[in-house]
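Fold the following and give me the result.
(chains A and B)
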Amino acid sequence: AQTVTQSQPEMSVQEAETVTLSCTYDTSESDYYLFWYKQPPSRQMILVIRQEAYKQQNATENRFSVNFQKAAKSFSLKISDSQLGDAAMYFCAYRRGTGANSKLTFGKGITLSVRP
Amino acid sequence: NAGVMQNPRHLVRRRGQEARLRCSPMKGHSHVYWYRQLPEEGLKFMVYLQKENIIDESGMPKERFSAEFPKEGPSILRIQQVVRGDSAAYFCASSPDGLGQSEFGPGTRLLVL
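Numbering: from 1, shown residues only, chains lettered A, B, ... in the order given. Coordinates of the predicted model:
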């Protein structure tokens, strides 16, 4: 079974600074996808970034980028130029790449606060 | 283009009552996933349905919980004889097929008194 671990329950960052959120996962499969979701106080799940395991290049989306280390099974999220609106819970998630079932396995999440 | 709709957004039930949560997938999506988020936890997969079929119910509690996705109408997650431990946020996600990116609904917050 796949597992996703987020060991840091909380982090804090100064506005305009950079912060890195950690995530590790365990799987025996070679084809899979990894995601970071943001959950603001509204509780809506918002996709931040997605990484295909077969791609060596790290995904980037504006101020968000990942450090994907496949051999180490590590998938961290870097937020640059942090903004007050980035304050939220962030969840790392895993999905198999094969088979017709897109169910996601989530970590426990990390609460990010942004100091003005 | 409406996204995934869930209703009600908030539901209060007393212990022993039934809770019915509805999910209308995005237009063109025929695959629905239900997740539960307990307080201070991440989302946990419950069940995966296509129209009229349950594909994967490996995350469903064995008793009191059921789900359906009829040919017409929304997907329904039904919880019978609710207990306080059922209090959680229940999220629905839909995808066009079993491979595509899932889109999440806003969730239903269930509170059991």
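
Would you confirm that residue A:20 contacts residue A:78?
Yes: counting by Cβ atoms under 8 Å, residue A:20 does reach residue A:78; the two are 4.9 Å apart. Just so you know, the C-beta spots here come from the backbone N, C-alpha and C atoms, and that holds for glycine as well.

and the residue nearest in space to the middle of chain A, what is it in contact with?
By Cα atoms, centre = their mean, the mean C-alpha position of chain A lies nearest to residue A:36, the distance being 3.0 Å. By Cβ atoms under 8 Å, 6 or more residues apart in numbering or on different chains, the contact set of residue A:36 is A:21, A:23, A:47-49, A:64, A:66, A:75, A:77, A:90-93.

So which of those is the closest to residue B:95?
residue A:47 (12.4 Å; Cβ to Cβ).

need the contact list for that closest one.
A:35-37, B:101.

And those, which two are furthest apart?
Spatially, the most separated pair among these is A:36 and B:101, at 13.6 Å (Cβ to Cβ).

Please identify every residue contacting each of residue A:20 and residue A:78.
Shared contacts of residue A:20 and residue A:78, counting by Cβ under 8 Å, 6+ apart, come down to residue A:67.

tell me how far the ends of stretch A:36-46 are from each other?
9 Å (Cα to Cα, to the nearest Å).

Secondary structure element holding residue B:6?
strand B:5-7 (DSSP states H and E).

Next: residue A:65.
Here residue A:65 is assigned to strand A:64-69, by DSSP H and E.

Could you list the paired strands of that strand along with their orientation?
strand A:60-61 (antiparallel), strand A:74-79 (antiparallel) (DSSP bridges).
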